[in-house]
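Colleague: A predicted structure for the sequence below; I have some questions about it.
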Amino acid sequence: AVDDMPRSVTPGVTALGEALLASLKLLVEAPAKTARQVVDVAGDGRNNAGVAPGPIRDRMVAAGIVINGLCVLHEEPDLVTSYEREVVGGFGSFALTCPNYQAFREAMRRKLLRELMSERSQPAAWDV
């Protein structure tokens, strides 16, 4: 069903700041509190619409939220630099890359495994 979903945004528009704002809103409104909050951002382009992601990222990191990224490099081979500068942040955050959409499944698997492994090395909430 997910594979058959139509794309719901205008092609070519990348609103990373808006995505971070939406993530922050969902985390704030979540009915249960968690020991750790991680937002995953995956994309194939730099922010080119909406609010700038940097200030939103900084606000989230100050609240203890970790933001990780997965960059699809098929059109922008240096996209990871942009993600590291403007998107990812927080204790143990990272940005991984994959060369194209054919490699996305394996890259996502690597990213999720890294996140699960890094959970073991996170400081306790009272240590932060």
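Modeller: Thanks, I have the structure now. Numbers count the residues shown, from 1 in each chain.
Colleague: can you map out the strands along the chain?
Modeller: Applying DSSP state E to the chain gives strands spanning 38-43, 66-72, 95-98.
Colleague: tell me the mean pLDDT over the second one?
Modeller: Going back to what we said before, that points to strand 66-72. The pLDDT scores in strand 66-72 average 94.
Colleague: with the shortest one instead?
Modeller: Along strand 95-98, the predicted confidence averages to a pLDDT of 92.
Colleague: please identify the most buried of the strands of the chain.
Modeller: When those are scored by mean count of other Cβ atoms under 10 Å, the highest mean neighbour count falls to strand 66-72 (a mean of 24). From N, CA and C alone the C-beta is placed, and that goes for glycine too.
Colleague: residues contacting it, please?
Modeller: 20, 36-44, 57, 60-61, 79-80, 83-84, 87-101, 104, 107-108, 111, 115 (Cβ atoms under 8 Å, 6 or more residues apart in numbering).
Colleague: may I have the predicted confidence score for residue 126?
Modeller: 34.
Colleague: same question, residue 5
Modeller: Confidence score, pLDDT, at residue 5: 69.
Colleague: please apply the same query to residue 54.
Modeller: Confidence score, pLDDT, at residue 54: 95.
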